[in-house]
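Novice: Please work out how this folds:
(chains A, B, C and D)
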2 protein chains.
Amino acid sequence: MLGQIGSVVKFHRKKSGLTQHELAKLAGIGKAAVYDLEHQSKSTRIDTLLKVLRVLNIEVKLASPIMHVYEEQSLETSKNFRSEP
Amino acid sequence: MLGQIGSVVKFHRKKSGLTQHELAKLAGIGKAAVYDLEHQSKSTRIDTLLKVLRVLNIEVKLASPIMHVYEEQSLETSKNFRSEP
DNA sequence: CCACATTTACTGCTATAGCAGTAAAATACT
DNA sequence: AGTATTTTACTGCTATAGCAGTAAATGTGG
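Specialist: Sure, this is the predicted structure:
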């Protein structure tokens, strides 16, 4: 992963019929950030990446052997939560 | 997501019995980056996040309705691939 | 082919992530 | 409870992501 993120983004953008510029606008970021992300010329920030993935309808999932334990105990404190960056 | 990344990392770090400093060392990053990530005082870079997740054995998965199409056609060009940042 | 339009690639400047060092807080020990 | 030790929180400086603007490349119609 991450070596691949750029091409995943490019693939989804093309399938959506968007230009780098349009995707950037929709995501609320600069067009150069989209370019950099697709070419991994720079290591994009998480918030920037998530804005892009949201537009392209790509979901991010974190998985680990003990993730369910985390999820249980985090439900106790905060029932439902927002998915904003 | 992302609002949660910090606490996911902290939870897994604690479960692993690591200090911020130790995790940083193992991940090959500075301790302040771990602090910033857990407190989301700054929007961490992807490569930094992935280094941390690798140490904590947390996997990242990207999901979308057309991801399988991408995976098929990316297998054609590059058979097996590396998972480095 | 040649203009023209659209898209992508690149550049140099500004904002901010990452860092080592230091202070504060928490924990352990006697 | 006092103090040493370990861990976390924070600060100011340096490296780099993000940006708008520009150049290059790619398409498109005549």
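
Novice: So which residues on chain A come close to DNA strand D?
Specialist: If contacts are counted using Cβ under 7 Å from any atom of the strand, the residues of chain A sitting beside DNA strand D are A:24, A:29-33, A:36-37, A:42-45, A:48. C-beta here means a position set from N, CA and C on the backbone, and glycine is covered the same way.

Novice: which among these are in contact with DNA strand C?
Specialist: A:K31, A:A32, A:R45.

Novice: Tell me which residues touch the last one, please.
Specialist: So the one you mean is A:R45. The neighbourhood of A:R45, defined by Cβ atoms under 8 Å, 6 or more residues apart in numbering or on different chains, consists of B:S43, B:T44, B:R45, B:I46.

Novice: and those residues as TSV, adding pLDDT and secondary structure?
Specialist: Rendered in TSV, the data for those read as follows (pLDDT from 0 to 100; DSSP: H, G, I helix; E, B strand; the rest coil):
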residue	pLDDT	secondary structure
B:S43	95	coil
B:T44	97	coil
B:R45	97	strand
B:I46	97	helix
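
Novice: what's the closest of these to B:Q73?
Specialist: For B:Q73, the closest of the contacts of A:R45 turns out to be B:I46, at 23.4 Å, with distances computed as Cβ to Cβ.

Novice: thinking again about what came up before, just the buried residues of the residues of chain A next to DNA strand D.
Specialist: Among the residues of chain A next to DNA strand D, those that count as buried by neighbour count (16 or more other Cβ atoms under 10 Å in any protein chain shown) are A:A24, A:I29, A:A33, A:D36, A:L37, A:S43, A:T44, A:R45, A:T48.

Novice: Next secondary structure element downstream of whichever strand or helix holds the fourth one?
Specialist: By that I understand A:D36. With secondary structure defined by DSSP states H and E, A:D36 is part of helix A:31-39. Sequence-wise, the next helix or strand beyond helix A:31-39 is helix A:46-55, with elements assigned using DSSP H and E.

Novice: what packs against that following helix?
Specialist: Identification of packing neighbours for helix A:46-55 by 3 or more Cβ pairs under 8 Å, 6 or more residues apart in numbering or on different chains; DSSP states H and E yields helix A:5-15, helix A:20-27, helix A:31-39, strand A:59-63, helix B:46-55.

Novice: Now tell me what touches stretch A:20-32 from outside.
Specialist: Counting by Cβ under 8 Å, 6+ apart, the neighbours of stretch A:20-32 from elsewhere in the structure are A:13, A:16, A:18, A:33-35, A:38, A:48, A:51-52, A:54-56.
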